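Q: no sequence on this one, just coordinates:
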């Protein structure tokens, strides 16, 4: 079922797209990997839905991807500021290190 973009208008979007297109354990196909299609579609919705905040988590190599560049441009086009930073789960008391 297709959902009208108007039904998606919420102030905050939390995104966790597949990391396999960007991780060193994967094939590193980036936007050429079909698993990137969902995020590409979400980026295309941004101008129509215009959330106030977008929070995305992914693997460090995502920052250098063309998909990330498209996301940043789409966010800036709707006048959202972009801040990127890296968190490590070990800094929050988890027993394994994940960035």
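A: On my side now, so go ahead. All values reported here derive from a predicted model rather than from experimental measurement. Residues are numbered from 1 along each chain as shown.
Q: Show me which residues of stretch 7-16 are buried.
A: residue 13 (16 or more other Cβ atoms under 10 Å). Using the backbone N, CA and C atoms, a C-beta is placed for each residue, glycine as well.
Q: ditto for stretch 59-76
A: For stretch 59-76, by 16+ other Cβ under 10 Å, it's 59, 61-62, 65, 67-68, 70-71, 74-75.
Q: Name the helix or strand of the protein that has the lowest mean pLDDT.
A: In the chain, no helix or strand scores lower on mean pLDDT, DSSP states H and E than helix 37-49, which sits at a mean of 86.
Q: circling back: need the buried residues of stretch 59-76 in a markdown table (columns: distance to residue 95).
A: Shown next, in a markdown table, are the buried residues of stretch 59-76 (distance: Cβ to Cβ, whole Å):
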| residue | distance to residue 95 |
| --- | --- |
| 59 | 19 |
| 61 | 24 |
| 62 | 24 |
| 65 | 29 |
| 67 | 31 |
| 68 | 29 |
| 70 | 35 |
| 71 | 31 |
| 74 | 37 |
| 75 | 34 |
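Q: Looking at those residues, spot the one nearest residue 99.
A: Set against residue 99, the nearest of those by Cβ to Cβ is residue 59 (7.4 Å).
Q: ok, for the residue sitting nearest the centre point of the chain, nearest residue in space, not its chain neighbours?
A: By Cα atoms, centre = their mean, the chain has its centre lying nearest to residue 56, at 4.5 Å. Spatial nearest neighbour of residue 56, chain neighbours left out: residue 15 (4.2 Å); criterion: Cβ to Cβ, 6 or more residues apart in numbering.
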